[in-house]
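# fold the following and give me the result.
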Amino acid sequence: MFHELTYDIKVARSKSGLTQVDCAHLLGITPSLVSQIETGKRMPTVREICTLSLIHGRSFESLFAGVFQQARIDLRERMGTMPDPPKHWIGRHKRQNTLNALADHLIDCDRKDHDA
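Below is the predicted model:
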């Protein structure tokens, strides 16, 4: 998953025509840190990911599509093995609504991926 993230960042930069020095300047970091991010030696911060999204004019999710795809796969798998909530837990109904909404969202994502 991390490899896909670094690859997506590098490809987005290359397609934009920006150099590592350009991106470093816009990110407020050194070119060596950009290189470390693109080679997978350093994970970008959330702020850097948001800035990269703005630089490349892409949504956070589209910029990191591979990561989101793996996250959806992992969520589907984990949802199938959710622990039972305590029997008399007051948040039981809200919990189920949240899980139902998440399942619906994952189905919508599948449809969008299939249509793309």
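
# quick one: T19 from L27, how far?
Here the criterion is CB to CB, to the nearest Å. By it, T19 lies 12 Å from L27. The way it works is simple: take the backbone N, C-alpha and C, and place the C-beta from them, glycine included.

# domains in this structure, by residue range?
Per automatic domain parsing, the structural domains of the chain span 2-59, 65-115.

# what about the helices in this protein?
With DSSP state H as the criterion, the chain has helices at 2-16, 20-27, 31-38, 46-55, 60-63, 65-79, 92-115.

# buried stuff in the first one?
The neighbour-count check on helix 2-16 (16 or more other CB atoms under 10 Å) flags 4-6, 8-10, 12-13 as buried.

# lowest-pLDDT helix or strand in this protein?
Every helix and strand in the chain was compared by mean pLDDT, DSSP states H and E; the lowest is helix 60-63, with a mean of 79.

# for this structure, what are the low-confidence residue spans?
Screening the chain residue by residue with the criterion pLDDT under 70, one finds the ranges 1-2, 116.

# same thing but 90
Scanning the chain for pLDDT under 90 picks out 1-9, 40, 43, 46, 56-71, 85-93, 109-116.

# please pick out the residue of the chain most distant from its centre.
In the chain, counting by CA atoms, centre = their mean, H88 sits farthest out from the average C-alpha position, at 35.3 Å.

# what sits against that one?
Going by CB atoms under 8 Å, 6 or more residues apart in numbering, H88 touches no other residue.
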